[in-house]
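Student: Sequence isn't available, so here's the structure alone:
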């Protein structure tokens, strides 16, 4: 049996500082967004009809009474979601000062192609619905090399609000302008971290 050489990574001082900084950001985001996350989870429960307090449900069950739920939230938010789908804007790239119209038309076509290939309209609509229910909807733009290992494919994907931790000290609606960090957590195997 042949021995396999394993590459051992030695931690440098800068590695330790980076990990400490990431842990600080994670803790800050967890604590700063805890009340919002709790409300958001409750909002999603309400959306799917879980609107009774467990204590009240237990009391009703003990009394052998039904727990009637008339879910007006589901139909209202589904109506808004349908309106978003019906009134969706089309993607169009315009040339800037001195820009070329032909180039902008090519970019428009590329954007539409990327949206089609990643089912982007569906992803956008689901993110819109997440925002209506929980207050925030997340989309990520990424490049996948699974199918096209040379050029890659542009992917627009909806992300769960549970997987995103953003800077609670961000002051603007567009967090790209004021947030120090946005963390996306996911489960993966060790090979993905290499």
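Tutor: Received it, and whenever you're ready, just let me know what you need. The shown structure was predicted, so the numbers you read here are calculated from the model rather than taken from an experiment. Residues are numbered from 1 along each chain as shown.
Student: Show me where the chain has its strands.
Tutor: Using DSSP state E, the strands found in the chain span residues 138-144, 153-159, 164-166, 182-184.
Student: I'd like to know which of these lies nearest to residue 14.
Tutor: Among the strands of the chain, the nearest to residue 14 by C-beta to C-beta is strand 182-184 (19.6 Å). Where C-beta positions appear, they are placed from N, C-alpha and C, glycine not excepted.
Student: Flag every buried residue along that closest one.
Tutor: By neighbour count on 16 or more other C-beta atoms under 10 Å, the buried set for strand 182-184 is residue 182.
Student: any idea how far that strand is from the chain center?
Tutor: 9 Å (C-alpha atoms, centre = their mean, to the nearest Å).
Student: That strand pairs with which strands, parallel or anti?
Tutor: As defined by DSSP bridges, the strand partners of strand 182-184 come to strand 164-166 (antiparallel).
Student: Mind listing residues that contact the partner strand?
Tutor: 25-26, 29-30, 33, 136, 138, 175, 179, 181-185 (C-beta atoms under 8 Å, 6 or more residues apart in numbering).
Student: who wins for most neighbours among the residues you listed?
Tutor: The most crowded member of the contacts of strand 164-166, judged by other C-beta atoms under 10 Å, is residue 29 (22 neighbours).
Student: Grab the nearest non-local neighbour of the spatially most central residue of the chain.
Tutor: Of all residues in the chain, the one closest to the mean position by C-alpha atoms, centre = their mean is residue 159, 2.5 Å from it. Excluding the flanking residues, the one nearest residue 159 by C-beta to C-beta, 6 or more residues apart in numbering is residue 138, at 4.1 Å.
Student: any idea how far that neighbour is from residue 126?
Tutor: Using C-beta to C-beta, to the nearest Å, residue 138 is found at 10 Å from residue 126.
Student: list the residues that contact both of those two?
Tutor: residue 158.
Student: Neighbours of residue 164, how many?
Tutor: 17.
Student: What residues are bridge-paired with it?
Tutor: residue 184.
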